[in-house]
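Undergrad: Quick check, what structure comes out for this input:
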Amino acid sequence: MHKGVIIAGGLGTRLHPLTKVTSKHLLPVGNEPMVFHSVKQLTTAGITDILIVTNPQYVGDFVNALGSGKEFGCEFTYRVQEEAKGIAHALALAEGFAGGSRIVVLLGDNIFEKPIQHAVNDFHAQQQGARVLLKQVAWKDGERYGIATLNGNHIVAIEEKPPHPKSNYAVVGVYCYDASVFDIIRTVAPSARGEYEITAVNNAYIRRRQLEYGLVQGKWVDAGTFDSLAEAHQILLNSAEWH
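TA: Residues are numbered from 1 along each chain as shown. Just a heads-up that it's a prediction; the model follows:
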């Protein structure tokens, strides 16, 4: 069975002063804290063993908000990312938790109008490798995301925040990995900004010809700015799926 990992670290600097008192992932979106959405996405997809990775100053807040998982019909484990060194760095902390299982990784600030269960099901049917979800974005916004270059049914490259995007397919914050992901992370070098990028991990799967993709159904937003936080709020308030 798959296990779930929610990455909820980072400092949320773009959302100051809201994030001076708590984690971005605990800010209200719809009728509840943002991270509840990621939890419900995983439990809706049948994943009930979930790891929360966050930074030291917020871990108590997450335990207070989420508890043991009983309320959600799941079981939580918590790990602390001591330094904000990127998504792949945070994911490396999940190796012991994964215990050789496949994992479904969500970024805790990604909000979806529809369930991601179809992607989890498609990954379940895969023999090996990894799966990502893509969403078309405005061309002018391409430099905010990891952008996938497609050739037919395959991703041939992913560029992290390219100044001149080759496509408008953004890689969203849902990543499905087999057990080899942790060996791959060990081979990743820090990027120019000093972080271990998840794009480097995904590109390693591309080199192995083991990265498959699906498309996001419905609306999606990465709620890291005031505008996108407001949009996320509207998506959840207006979505029949999450009431």
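Undergrad: quick one: low-confidence ranges for this protein?
TA: By pLDDT under 70, the chain contains no weakly predicted segment.
Undergrad: can I get the CA coordinates of the biggest strand by length in it in CSV?
TA: Scanning the chain for the strand with the most residues, using DSSP state E, yields strand 169-177. These are the backbone C-alpha positions of strand 169-177, laid out as CSV (Å, rounded to 0.1, in the frame of the first residue of the first chain):
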residue,chain,number,x,y,z
TYR,A,169,2.7,22.8,-18.6
ALA,A,170,3.6,23.4,-15.0
VAL,A,171,4.5,20.5,-12.7
VAL,A,172,2.1,20.8,-9.7
GLY,A,173,2.8,19.7,-6.1
VAL,A,174,1.9,16.1,-6.3
TYR,A,175,4.7,13.5,-6.8
CYS,A,176,4.4,9.7,-6.8
TYR,A,177,7.6,7.8,-6.3
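Undergrad: Kindly format the C-alpha coordinates of the helix or strand A90 falls within as CSV.
TA: Using DSSP states H and E, A90 maps to helix 87-92. These are the backbone C-alpha positions of helix 87-92, laid out as CSV (Å, rounded to 0.1, in the frame of the first residue of the first chain):
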residue,chain,number,x,y,z
ILE,A,87,11.7,19.8,-1.2
ALA,A,88,14.0,16.9,-2.0
HIS,A,89,15.9,17.6,1.3
ALA,A,90,12.6,17.4,3.2
LEU,A,91,11.6,14.3,1.4
ALA,A,92,14.8,12.5,2.3
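Undergrad: That one packs against which elements?
TA: Under the contact criterion of 3 or more C-beta pairs under 8 Å, 6 or more residues apart in numbering; DSSP states H and E, the helices and strands touching helix 87-92 comprise strand 3-7, helix 181-187, helix 198-207. Backbone N, C-alpha and C define where each C-beta goes, glycine included.
Undergrad: Tell me which residue of the protein is furthest from the middle?
TA: Checked against the mean C-alpha position of the chain, the extreme residue using C-alpha atoms, centre = their mean is G152, at a distance of 24.8 Å.
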